[in-house]
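1. 3D model of this:
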Amino acid sequence: MIAEGDFTVTVGKKDVVAAVLPLQEHWLPLSNLDLLLPPLDVGVFFCYKKPVSGDTLCFGSMVGILKKAMAQALVSYYAFAGEVVPNSIGEPELLCNYRGVDFFEAYADVELQNLNLYNPDESIEGKLIPKKKHGVLAVQATELKCGGIVVACTFDHRIADAYSANMFLVSWAEMAQSKPISPLPSFRRSILNPRHPGCIDVSLDDLYVPISTLPPPKENNQPSDDHLISRIYYVAADQLDKLQSLASRGGSKRTKLESLSAFLWKIVAISAAGDSAKTSKMGIVVDGRTRLSEGCTDKESQMGTYFGNVLSIPFGSEKVKELIEKPLSWVAEEVHDFIKNAVTKEHFLALIDWVEAHRPEPAMTKIYAGGSNEGPAFVVSSGQRFPLSKVNFGWGPPTFGSYHFPWGGSTGYVMPMPSPTKNGDWVVYVHLQVRQVEFIETEAADVFKPLTSDYLDLVQT
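-> Model (predicted):
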């Protein structure tokens with residue numbers, strides 16, 4: 001099946017969906033972990049086939065369901081209906097003024113089976129995912145020529161990480177089916193308060209940096225093969241098992257995420273073989289919710305429903321030459337070693353204290369701020385909790401969904417998610433340099449296979 005990228009999207013209507021029961025306007029401070037995020041917007045989209053024959057749902061009625069459910073969900077998830085504004089000392093803060101969510105209705109003259117999901121730069125970016133101009137969250141529902149629908153969101157990363165967004169998406173879908181929201185989100189910032197006195201691990205200076213200490217951005221005179229592009233692949237379950245086996249040859253079993261990340265790090269290094277004296281960096285996003293609740297049952301439930309950012313991005317740095325020459329098991333061990341120091345309660349408590357010591361000076365993770373200055377750099381964020389099957393608004397679960405995060409800068413971004421085939425395969429969103437993507441498709445084509453309509457069983461006979 002030949003996928004199409006050249007199609008037209010017409011936005012027909014824009015509404016602002018507000019909470020059905022607005023509360024009193026108030027301010028919600030960002031936590032110290034929120035403050036580590038620059039103003040970045042994250043995209044996520046879901047593709048649905050046309051409702052089965054006999055169902056009376058048309059696009060207009062589906063949009064009505066989406067809007068009504070969102071107005072209900074925003075009562076609990078009021079953070080998504082506010083605005084981020086600077087406070088008196090210049091730090092971002094959330095004004096919960098219930099302005100609502102910009103909601104766009106659109107039509108695309110393409111069938112779902114012809115949508116080129118392998119190349120989201122061509123089919124998703126600027127077409128099916130809305131550009132957020134106001135507020136914290138924007139939504140677009142797009143009717144396809146075949147009667148299918150794409151529901152897409154763009155949200156401010158300073159307010160929510162993927163865990164928080166996933167909670168909202170499931171609750172929104174539950175509201176659409178008149179189910180109770182489970183669980184209710186918590187905005188209790190005090191559970192991420194710094195300690196007094198603070199206790200800072202000096203190693204955090206290797207991972208995070210005050211923005212004022214960064215050199216001015218370089219002029220964008222990169223060659224064409226150095227700019228970043230997005231692609232979506234699938235990795236078969238047997239390939240994941242094979243990589244895990246190769247990565248575990250040192251005697252310690254590595255996780256599939258560690259194994260795939262190590263393989264990617266090695267491939268990216270090989271693509272830079274002409275600069276073997278350079279250093280390559282790879283980071284892994286770590287969620288701190290379970291770490292911060294270690295040894296405390298009450299805090300476990302609090303962190304399990306916490307809405308906001310609870311992330312750290314430890315990274316490793318190795319010579320390109322070593323990554324090329326060493327076996328996959330050695331690379332996987334390096335990955336495991338730099339992660340293990342961040343998957344602790346103390347790491348996150350110390351990170352909260354580190355931010356407090358630098359406030360109100362803004363800071364961010366080093367690997368994003370300038371990770372690629374010395375060689376290729378990218379970050380891997382696990383999307384294994386992506387609740388694809390639960391984002392069902394009443395006309396069936398999505399046939400496909402993915403995060404879409406071309407986050408700017410020169411550092412790459414990769415997110416593996418479970419495949420909708422539910423057979424152990426992974427879907428992998430990749431945002432890397434052109435030459436890195438070309439190298440992956442040439443030298444690792446047996447592992448990273450382009451996502452197609454045939455694979456997703458979208459082809460109509």
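2. how far does the top helix by length along the chain sit from the chain's center?
-> If you go by DSSP state H, the chain has its longest helix at helix 59-76. With C-alpha atoms, centre = their mean, to the nearest Å as the basis, helix 59-76 stands 23 Å off its chain's centre.
3. got the contact list for whichever helix or strand comes after it?
-> Sequence order places strand 83-86 as the next helix or strand after helix 59-76, per DSSP states H and E. The contact list for strand 83-86 (C-beta atoms under 8 Å, 6 or more residues apart in numbering) reads 39, 92-95, 97, 99, 134-136, 156, 158-159. To be clear about C-beta, it is placed using only N, CA and C from the backbone, and glycine gets the same treatment.
4. Strand 83-86 pairs with which strands, parallel or anti?
-> Note on strand 83-86: by DSSP bridges, its sheet partners are strand 92-96 (antiparallel).
5. Output the partner strand as PDB - backbone C-alpha positions only.
-> Extracted C-alpha coordinates of strand 92-96, given in PDB (Å, rounded to 0.1, in the frame of the first residue of the first chain):
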ATOM      1  CA  PRO A  92       6.600  30.400  35.200                       C
ATOM      2  CA  GLU A  93       3.400  29.700  37.200                       C
ATOM      3  CA  LEU A  94       0.100  28.300  36.300                       C
ATOM      4  CA  LEU A  95      -2.900  30.600  36.500                       C
ATOM      5  CA  CYS A  96      -6.000  28.400  36.900                       C
END
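6. And the helix or strand of the chain with the lowest mean pLDDT, what does it pack against?
-> Sorting the helices and strands of the chain by mean pLDDT, DSSP states H and E puts helix 297-304 at the bottom, at a mean of 85. When contacts are defined as 3 or more C-beta pairs under 8 Å, 6 or more residues apart in numbering; DSSP states H and E, helix 297-304 sits against helix 289-292.
7. what does the helix it packs on contact?
-> Contacts of helix 289-292 (C-beta under 8 Å, 6+ apart): 163, 191-192, 299-300, 303-304, 306, 310, 343-345, 347-349.
8. Pick out the lowest-pLDDT one from those residues.
-> The lowest pLDDT within these belongs to Lys299, with 82.
9. Can you give me the distance of the spatially closest residue to it that is not a sequence neighbour to Glu300?
-> Once flanking residues are discounted, Lys299 sits nearest to Ser293: 4.2 Å by C-beta to C-beta, 6 or more residues apart in numbering. Noted for Ser293: a distance of 4 Å to Glu300, by C-beta to C-beta, to the nearest Å.
10. Check Ile352 too.
-> Here Ile352 is placed at a distance of 18 Å from Glu300 (C-beta to C-beta).
11. more neighbours, these two?
-> Set Ile352 next to Glu300 and count neighbours by other C-beta atoms under 10 Å: Ile352 wins out with 23 against 14.
12. Give me the neighbour count for the nearest residue to the more buried one once chain neighbours are set aside.
-> Distances taken as C-beta to C-beta, 6+ apart place Asn32 nearest to Ile352, at 4.7 Å, with adjacent residues excluded. Using other C-beta under 10 Å, Asn32 is surrounded by 22 other residues.
13. helix/strand/coil for Asn32?
-> coil (DSSP: H, G, I helix; E, B strand; the rest coil).
14. Over to Lys179?
-> Quick answer, by three-state DSSP: Lys179 is coil.
15. quick one: Glu374 from Trp265, how far?
-> Noted for Glu374: a distance of 15 Å to Trp265, by C-beta to C-beta.
16. next one: Gly251
-> 20 Å.
17. and those two? which has more neighbours close in?
-> Trp265 (24 against 7).
18. how about that one, what does it touch?
-> 280, 282, 318, 323, 331, 335.
19. try 6 Å this time
-> Counting by C-beta atoms under 6 Å, 6 or more residues apart in numbering, Trp265 touches 282, 331.
20. Checking it next. Helix, strand or coil?
-> Under three-state DSSP, Trp265 falls in the helix class.
21. Next, work out how far apart it and Gln24 are.
-> Separation of Trp265 from Gln24 (C-beta to C-beta) stands at 50 Å.
22. Tell me which stretches of the stretch 251-400 of the chain form strands.
-> Counting by DSSP state E, counting those that start in this stretch, the stretch 251-400 of the chain has strands at residues 279-284, 286-287, 311-312, 315-319, 363-365, 377-380, 400-404.
23. just the helices in this structure please.
-> Under DSSP H, the chain gives helices at 59-76, 120-123, 162-176, 237-247, 256-271, 289-292, 297-304, 320-325, 328-340, 345-358, 366-370, 434-443.
24. want to try TSV for the ones you listed, with distance to Pro398 as columns?
-> Listed next are these as TSV, based on distance: least, C-beta to C-beta, whole Å:
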stretch	distance to Pro398
helix 59-76	13
helix 120-123	15
helix 162-176	10
helix 237-247	21
helix 256-271	23
helix 289-292	25
helix 297-304	24
helix 320-325	37
helix 328-340	31
helix 345-358	33
helix 366-370	29
helix 434-443	25
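25. Go through those helices and name the closest to Phe103.
-> helix 59-76 (6.2 Å; C-beta to C-beta).
26. Now the closest one: buried residues?
-> Of the residues in helix 59-76, those buried by neighbour count under the rule 16 or more other C-beta atoms under 10 Å are 59, 62-63, 65-67, 69-76.
27. Quick one, which of the helices of the chain gets closest to Tyr48.
-> Tyr48 lies closest to helix 59-76 among those, at 8.5 Å (C-beta to C-beta).
28. For the stretch 351-461 of the chain, give me the ranges with low pLDDT.
-> 371-373, 461 (pLDDT under 70).
29. Leu57 reaches Trp395, doesn't it?
-> Yes - counting by C-beta atoms under 6 Å, Leu57 touches Trp395, with 5.5 Å between them.
30. intersection of neighbour lists for these two?
-> Common contact partners of Leu57 and Trp395 (C-beta under 6 Å, 6+ apart): Pro51.
31. Now do the least confident helix or strand of the chain: everything it contacts.
-> Residues from elsewhere that reach helix 297-304, judged by C-beta under 6 Å, 6+ apart: 191, 289, 292-293.
32. ok, those residues vs Ser389, which is closest?
-> Arg289 (21.9 Å).
33. Can you give me the neighbour number for the residue nearest to Asp156 when sequence neighbours are not counted?
-> Leaving aside its chain neighbours, Asp156 sits nearest to Val136 (4.7 Å; criterion: C-beta to C-beta, 6+ apart). Counted with other C-beta under 10 Å, residues neighbouring Val136 total 25.
34. same deal with Cys296?
-> Neighbourhood size, Cys296 [other C-beta under 10 Å]: 12.
35. what's the distance between it and Leu351?
-> 18 Å.
36. ok, back up a step: so how far is Trp354 from the residue nearest to Ile352?
-> With C-beta to C-beta as the criterion, Asn32 and Trp354 are 8 Å apart.
37. rewinding a little: report the two of the buried residues of helix 59-76 separated the most.
-> Of all pairs drawn from the buried residues of helix 59-76, the one with the longest distance (C-beta to C-beta) is Phe59 and Ser76, at 27.2 Å.
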